[in-house]
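Asker: Just a sequence and a predicted model for now, questions to come.
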Amino acid sequence: MSDSNIGGEASILEERRRKLEELREQNIAYVNNYTPTNKAKELHDSHGQLSKEELENKKITNLSVAGRIVLKRVMGNASFVTIRDGSGDIQAYISKNNIDTELYKNFKSWDLGDIIGITGNLFKTKTEELTVEAHSIILLTKSLRPMPEKHKGLADIEIKYRQRYLDLMSSPESKEIFIKRSKIVSSIRSSMLEDGFLEVETPMMHSIPGGAVAKPFITKHNALDRELFLRIAPELHLKRLLVGGFDKVFEINRSFRNEGLSTRHNPEFTMLEFYAAFATFNGTIDFTEKIIKSASKAVGNNSKIEWDGDKIDLSNFSTKTLNDLVIEHNSDLCADDLMNLDKLRSYSKSIKMPYKDSWGVGKVLLEIFEKSVEANLIQPTFVTEYPVEVSPLSRRNNENPSIADRFELFIGGKEIANGFCELNDPDDQAERFKEQVKAKADGDDEAMGYDEDYITALEHGMPPAVGVGVGVDRLVMMLTNQSSIRDVILFPQLKS
RNA sequence: GGGUCGCUAGCUCAGCUGGUAGAGCAGUUCGCUUUUAACGAAUUGGUCACAGGUUCGAAUCCUGUGCGACCCA
């Protein structure tokens, strides 16, 4: 059977294994302790601008680089290779004049994908390309499998995600997204720390899922013989810390929601949540805006960005109420209708939006908002005055107890942040939990449970506070102009 | 769950109204001492996703299944 596969995949692997065996026999397979003196990018940055002559006069000798062979051009007794390290690419010139004849012969059998080290001088070719002239070369790691196609890279989107390393080694563009992701997270962290927030870590495994309206993943602790839930949000633990006396806390970490996969949803996703005691609602809106602007700057954007074909101006955030937006985008509704359950139900029918009988005014209104308004909020917009009914952890507005002091930020038609004045009245909170428990009993499997310990904490007294959650993955999508969440998560969840 | 598109060499892709499988890259061999997706010559490599059906004949047409992508709910 293997006879019929000569030249096929099996024979490619066989051929490379044969080469590896030769290395093993000479005891030079998988070399360790090789530390190059330079990175490709450093060399380009420090010497790329010099002319061929200037570089020759400088006589930069005895430097070394190491990386994966991504291109190889053999011309008989002299060759060029392009190697790629963590910082970028650099070319090397390998001539029989400068290295051992036997070594040169071996080099010719090295493959694309092999990781090598090169020591030599820096020079520029006649086309002014910065190049390392090799005086010694060494094969550090033999690659047994072929790299992705060298011109077009990986086209199979599933392999791109499942074998992300292949994507990263062949696509500098993909790599750049994840470098930017790191810069964005780092910028967020700096913004928080500079403003006096304390970074904390709270449990990922909860006995009662809470802090958001979503389905949890269920797991089991064997020794305790107890069901546990992967957290859907860190909120309730962070607020316990406010009770404890930390005035400003934040956490950047994973939460988990047991929902479908889409270009906008991954079951595990990263959120920034921060809570500030004694902060004001409007001040927090401004701070949220500042975090996003700084993060955008950190990846080299100016205030005008493009996301998914939309032009977005990050220098211009506006604030509008939910009711105003619903009326603006639904000409058949007037302000009075928004308080009338029958009117909202009949309107829902007219726009073919299904609703449940258990839903009150607030829930129906929110659904209408999500269906008719959200996608149109392209420019940065803080939406305020959410119904209390759909905001079980938010403080009621002083003037209008049916709305919450809450905002959500939309950019590019997508929800980026959600914040509100925190509900610190334990009795009100207990009532809201009861409503959630009732909703759960009525079949809403996204409703929260009753968290008695959290009520106890509130009874000890939580200072007035404002809290915000920011979807980090979506923020990265926006700031790197990606339309799928899978392109900003290194190892996204896939079907099967 | 519904719809649309896709699945052909290790990789990237052609393959017309049905006539028995193609290119580039990678691999192998040879040549080539400043190349730039290096080049030139030769060469290897296929259960055309799978299963049925139509047909003298199917990668191609039909039906079903699987896997994937996107859109909608």
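Answerer: Structure received. Residues are numbered from 1 along each chain as shown, chains lettered A, B, ... in the order given.

Asker: In chain A, which helix is the longest?
Answerer: helix A:172-194 (DSSP state H).

Asker: which stretches of the stretch 251-400 of chain A have low pLDDT?
Answerer: Across the stretch 251-400 of chain A, nothing is flagged by pLDDT under 70.

Asker: Do you have the strands of it handy? List them.
Answerer: Secondary structure of the stretch 251-400 of chain A (DSSP state E, counting those that start in this stretch): strands located at A:268-277, A:304-307, A:310-313, A:318-321, A:381-387.

Asker: ok, now which ones touch residue A:146?
Answerer: Contacts for residue A:146 (CB atoms under 8 Å, 6 or more residues apart in numbering) come out as A:12, A:111, A:112, A:113. Yep, even glycine has a C-beta here, placed from its N, CA and C like the rest.

Asker: buried sites along stretch A:241-261?
Answerer: A:241-243, A:247-253, A:255-258 (16 or more other CB atoms under 10 Å).

Asker: Let me have these in a markdown table, extended by distance to residue A:374.
Answerer: As requested, these are exported to a markdown table (distance: CB to CB, whole Å):
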| residue | distance to residue A:374 |
| --- | --- |
| A:241 | 32 |
| A:242 | 30 |
| A:243 | 34 |
| A:247 | 33 |
| A:248 | 30 |
| A:249 | 30 |
| A:250 | 26 |
| A:251 | 26 |
| A:252 | 25 |
| A:253 | 26 |
| A:255 | 21 |
| A:256 | 24 |
| A:257 | 18 |
| A:258 | 23 |
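
Asker: Among those residues, which pair sits farthest apart?
Answerer: Spanning the widest gap among these are A:247 and A:258, at 33.6 Å by CB to CB.

Asker: Any figure for the gap between residue A:26 and residue A:103?
Answerer: Distance from residue A:26 to residue A:103, counting by CB to CB, to the nearest Å: 12 Å.

Asker: ah, wrong one, I meant residue A:407
Answerer: With CB to CB as the criterion, residue A:407 and residue A:103 are 66 Å apart.

Asker: between the two, which one's more packed in?
Answerer: residue A:407 (27 against 15; other CB atoms under 10 Å).

Asker: And the next helix or strand past the one helix or strand that one maps to?
Answerer: Secondary structure assigned from DSSP states H and E places residue A:407 in strand A:403-411. Sequence-wise, the next helix or strand downstream of strand A:403-411 (DSSP H and E) is strand A:414-421.

Asker: Give me the helices and strands touching that next one, please.
Answerer: Packed against strand A:414-421 by the contact rule (3 or more CB pairs under 8 Å, 6 or more residues apart in numbering; DSSP states H and E) you find helix A:281-298, strand A:403-411, strand A:465-471, helix A:472-479.

Asker: Kindly state the pLDDT recorded for the residue in chain A positioned nearest to RNA strand B?
Answerer: Closest contact between chain A and RNA strand B, by CB to the nearest atom of the strand, is at residue A:151 (1.9 Å). Residue A:151 carries a pLDDT value of 85.

Asker: For it, the count of nearby residues, please.
Answerer: Neighbour count of residue A:151, defined by other CB under 10 Å: 5.

Asker: would you say it is within a strand?
Answerer: No. Judged by DSSP: H, G, I helix; E, B strand; the rest coil, residue A:151 forms no part of a strand; its state is coil.

Asker: give me every residue that touches it.
Answerer: Counting by CB under 8 Å, 6+ apart, residue A:151 has no contacts.

Asker: any idea how far it is from residue A:226?
Answerer: In terms of CB to CB, residue A:151 sits 55 Å off from residue A:226.

Asker: Double-check residue A:280 against residue A:466; I have them as touching.
Answerer: Yes. Counting by CB atoms under 8 Å, residue A:466 is a contact partner of residue A:280 at 7.0 Å.

Asker: Let me see the backbone angles for the residue lying closest to residue A:180 once chain neighbours are set aside.
Answerer: Of all residues not flanking residue A:180 in the chain, residue A:299 sits nearest, at 4.4 Å (CB to CB, 6 or more residues apart in numbering). With angles defined as degrees, to the nearest 10, residue A:299 sits at phi -100, psi 20.

Asker: Is residue A:299 in contact with residue A:475, as I believe?
Answerer: No. The pair residue A:299 / residue A:475 is not scored as a contact, 10.5 Å apart, by CB under 8 Å.

Asker: Identify the contacts common to those two.
Answerer: Common neighbours of residue A:299 and residue A:475, using CB under 8 Å, 6+ apart, are residue A:184.

Asker: more crowded one of those two?
Answerer: residue A:475 (26 against 19).

Asker: Please name the residues that touch the more buried one.
Answerer: A:184, A:292, A:295, A:416.

Asker: quick one: contacts for the first one?
Answerer: With contacts defined as CB under 8 Å, 6+ apart, residue A:184 is in contact with A:295, A:298, A:299, A:472, A:475, A:476, A:479.

Asker: and with 10 Å instead?
Answerer: By CB atoms under 10 Å, 6 or more residues apart in numbering, the residues touching residue A:184 are A:292, A:294-296, A:298-299, A:472, A:475-476, A:478-480, A:488.

Asker: how about those residues in JSON lines, adding distance to residue A:381?
Answerer: Shown next, in JSON lines, are the contacts of residue A:184 (distance: CB to CB, whole Å):
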{"residue": "A:292", "distance to residue A:381": "13"}
{"residue": "A:294", "distance to residue A:381": "19"}
{"residue": "A:295", "distance to residue A:381": "18"}
{"residue": "A:296", "distance to residue A:381": "16"}
{"residue": "A:298", "distance to residue A:381": "23"}
{"residue": "A:299", "distance to residue A:381": "22"}
{"residue": "A:472", "distance to residue A:381": "20"}
{"residue": "A:475", "distance to residue A:381": "15"}
{"residue": "A:476", "distance to residue A:381": "20"}
{"residue": "A:478", "distance to residue A:381": "14"}
{"residue": "A:479", "distance to residue A:381": "17"}
{"residue": "A:480", "distance to residue A:381": "21"}
{"residue": "A:488", "distance to residue A:381": "22"}
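
Asker: Filter those residues down to just the buried residues.
Answerer: Counted by 16+ other CB under 10 Å, these give A:292, A:295, A:296, A:298, A:299, A:472, A:475, A:476, A:478, A:479, A:480, A:488 as buried.

Asker: which of the residues you listed are close to RNA strand B?
Answerer: Checked against RNA strand B using CB under 7 Å from any atom of the strand, the buried ones among the contacts of residue A:184 yield no neighbours at all.

Asker: Show me which of the residues you listed is closest to residue A:200.
Answerer: Looking across the buried ones among the contacts of residue A:184 and measuring by CB to CB, the closest to residue A:200 is residue A:472, at 16.4 Å.

Asker: hang on, isn't the closest one packed against residue A:188?
Answerer: Yes. Counting by CB atoms under 10 Å, residue A:472 touches residue A:188, with 7.3 Å between them.

Asker: Now do the shared contacts for these two.
Answerer: Common contacts of residue A:472 and residue A:188 (CB under 10 Å, 6+ apart): A:252, A:272, A:295.

Asker: looking at the sheet around the second one, what are its partners?
Answerer: Just to be clear, that refers to residue A:272. Counting by DSSP bridges, residue A:272 is bridged to residue A:252, residue A:470.

Asker: Residue A:72 and residue A:147 touch, don't they?
Answerer: No. Using CB under 10 Å as the test, residue A:72 is too far from residue A:147 to be in contact (11.0 Å).

Asker: so what's in contact with those two at the same time?
Answerer: With CB under 10 Å, 6+ apart as the test, residue A:72 and residue A:147 both reach A:111, A:112, A:114.

Asker: Let's see if you can find the most crowded of those residues.
Answerer: Neighbour max across the shared contacts of residue A:72 and residue A:147 (other CB under 10 Å) = residue A:114, 22 neighbours.
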